[in-house]
Structure formats: structure tokens, C-alpha cells
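Participant: no FASTA, just this:
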Ligand code: UDP
Ligand code: MG
């Protein structure tokens, strides 16, 4: 299957990016021009910047660029709403403006734009989601790399579908953009959401560059909070931890109750110790079990309040 050249929007979240934005706007305009010249996208394709409530000159720079370049479009949040909301807003706005597909990428262009034509080729071949995956993390600090691997291992253990070394650099086709309305939850973690959707997907590989200017908006602790948000918004498994611990404690409590009874019969204990230890152990494990029971119902509420669709139809004949 080969699709016609799509109307593309490059969706770029920006938060206080005045230092890097002039270079980014020029680079992305060139990328777009090149894709148009090669017939990979329609002539009216554009870049959509989402100013996530910046306090610096970001919006002024976007206004200036828009005045001379109609391919530069932008929306501005009234206040900072976070990277995930900015990408979401960009996708929904572009969809409402009639695009066939979007490619989301960070304003610092750490994600190599050289693979955009490859993404578009995959789209032309019928893929609805194309993930940009880093094949090399050598530009990250050791700490960031190790914690990222730990996070992917944990998510795998929790059975949450996640593409290792993929952040938010991805192409999303119209069919998937339409499906996003069916996910009205507030707490979004896009890199966990997309792989759970299904659809026809593929990957392109690239090397991530260093940030050319400005500072990372994700220092270590914000990264840890983001990972925690990812775990808790994608999986109810942590709620079930108490069931696991409750079972372990119950077994240990039973075993230790026998030991303490044996010691009591041997006359090795001071009066009151045996009854006390048995009551403490059994009560502790019963409490953990009750917590697990509550957790199970909270997990059901968690999945109900998201109001996610039971299924998504991809094709109909
Ligand atoms: N960003 C945003 N809102 C925020 C934080 C970041 O829109 O609250 C944007 C930021 O401008 C950049 C992208 O998200 O385009 C990724 O941020 P950054 O490059 O600082 O993250 P890192 O690459 O260091 O993980
Ligand atoms: Mg970055």
C-alpha cells in the first residue's frame, strides 16, 4: 500500500526555549522545505509550536517568525501545563486543522531530524505509528542511562507495553489521532499509551544529540517523578503489591508461630512472649491482606474512571 503525500504537522512543545528556538525554527523550516521538494509531504504542511506557558521570549519569537513564515504556526498555553499536555494539545489541534499525520519532537532538536523522511516512507507504506528509537545513549549521563534501563526493566516486569529508548519522537497518523478522543483521562503518559493502542507500527533508529543551548527542563528529580507518574498511570500492579507481601508475611507468620510455640513448650521463653508474637504476626498479615482487598477495588475504580474504550476498530470492510 502506498499512501499519497500527507498533510504533515511537526508538533514541537516549547517551554522557555528562547536560546534554542531561532535555530530550531530555521532548521525545521529547512526540513519541511526538503520534504516538500522530495514530494514526501503536501505543500501546505507546517510546523506547530506549542508554547507551554513560557516566561521568556519564546512566544515573541514565534510571533515574529509567523509574521514572515506562514508554515510556522503556534498555540500558547495560559500557564505551564507540562510536556505531555503540550504534545497532546499539539496533536489534537493539528488533527482539528485537518492534518493526515503529525511528528512530535522536542524543541532542542536532540532527536535527529534526518530520520523524518524514513518516518514518512514508513507512513506511506501504511504504518499508523512510527516510533523514533535511540540506538545509542552515549550523550546521556551514566546516571540517566542506568535509571532509564531500570525503569524499562520495571515497566516490563509490570507488563506495561513500552518501547525501550523511545521518548516522544514519533509519527502518528490520522486514524490514531482520531482515536485519541476515546482517552479522556487527565493523567497521560504518552509513551505508555501509544504502544497499548495497537495499529500498524514500525520503528526508525537514530542517535540522540547533545542539547545545543539552554538547559534541560527534566533534571534528575523531575525525571524520577515522571517515571513514577508513568508507573502509576499505566499499571495498577503497585496496588497489588500488598497482596504479594501479605501472602509472604502470612507464610512467615505461620512458620514463626510454630517456632515460638515450640520454644514455649521447651520452656525457653519469658511469660507472654509467645502469645504476643503470634498476635502481632497474624494481625500484621491479616491487615496487609485487607489492604490488598481494598487495592483490588481501587484498581477497578482506577480503570473505570479512565473511561478508556473497550476496543478500537482499525478497519472495516
Ligand atoms: N517542555 C515543555 N513543558 C515543560 C517541560 C519541557 O513543553 O514543562 C518541552 C521542552 O521545551 C522541550 C521538551 O519538552 O521541547 C523536552 O524537554 P527537555 O529537552 O528539557 O528534556 P530532556 O531532553 O532534557 O529530557
Ligand atoms: Mg531535550
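Facilitator: Everything's here; your move. This is a predicted model, so every value here is computed, not measured. Ligands and ions are numbered 1, 2, ... in the order given.
Participant: Next secondary structure after the helix or strand hosting residue 262?
Facilitator: Element membership of residue 262, judged by DSSP states H and E, is helix 241-266. Where DSSP H and E defines the elements, the next helix or strand beyond helix 241-266 is helix 273-305.
Participant: Report the buried residues of that next one.
Facilitator: By neighbour count with 16 or more other C-beta atoms under 10 Å, helix 273-305 contains the buried residues 274, 277-278, 281, 284-285, 288-289, 291-292, 295, 299, 302. Heads up, the C-betas are built off the backbone N, CA and C, glycines and all.
Participant: So which of those is the closest to ligand 2?
Facilitator: residue 302 (30.8 Å; C-beta to the ion).
Participant: who's in contact with the closest one?
Facilitator: By C-beta atoms under 8 Å, 6 or more residues apart in numbering, residue 302 lies in contact with 236, 239.
Participant: Just the element for residue 210, please.
Facilitator: If you go by DSSP H and E, residue 210 is not part of any helix or strand.
Participant: close enough to count as contact, it and residue 109?
Facilitator: No. Under the criterion of C-beta atoms under 8 Å, residue 210 is not in contact with residue 109, lying 10.6 Å apart.
Participant: Comparing those two, which shows the higher neighbour count?
Facilitator: Higher neighbour count among residue 210 and residue 109: residue 109, with 18 against 8, using other C-beta atoms under 10 Å.
Participant: Distance of the nearest residue to that one once chain neighbours are set aside relative to ligand 2?
Facilitator: Closest residue to residue 109 apart from its sequence neighbours, by C-beta to C-beta, 6 or more residues apart in numbering: residue 24 at 5.6 Å. Shown here: residue 24 relative to ligand 2, a distance of 11 Å by C-beta to the ion, to the nearest Å.
Participant: Around ligand 1, pick out the residues from this protein.
Facilitator: Residues of the chain found near ligand 1 (C-beta under 6 Å from any ligand atom) are 13-15, 17, 52, 80, 82-83, 86, 106-108, 110, 216-218.
Participant: Please narrow these to those residing in strands.
Facilitator: Counted as lying in strands by DSSP state E, out of these, are 13, 14.
Participant: Centroid-nearest residue for the chain?
Facilitator: Nearest residue to the geometric centre of the chain (C-alpha atoms, centre = their mean): residue 191, 3.0 Å.
Participant: quick check: mean pLDDT across the helix or strand harbouring it?
Facilitator: For residue 191, the host element (DSSP H and E) is helix 190-197. Taken as a whole, helix 190-197 carries a mean pLDDT of 94.
Participant: Give the buried residues for it.
Facilitator: So for helix 190-197, counting by 16+ other C-beta under 10 Å, buried means 190, 191, 192, 193, 194, 195, 197.
Participant: With stretch 136-155 instead?
Facilitator: Buried residues in stretch 136-155 (16+ other C-beta under 10 Å): 147, 148, 151, 152, 154, 155.
Participant: Where does residue 9 sit, in terms of helix or strand?
Facilitator: Element membership of residue 9 [criterion: DSSP H and E] is strand 8-14.
Participant: should've said residue 172
Facilitator: strand 166-173.
Participant: now swap in residue 133 and tell me
Facilitator: Here residue 133, judged by DSSP H and E, is contained in strand 129-136.
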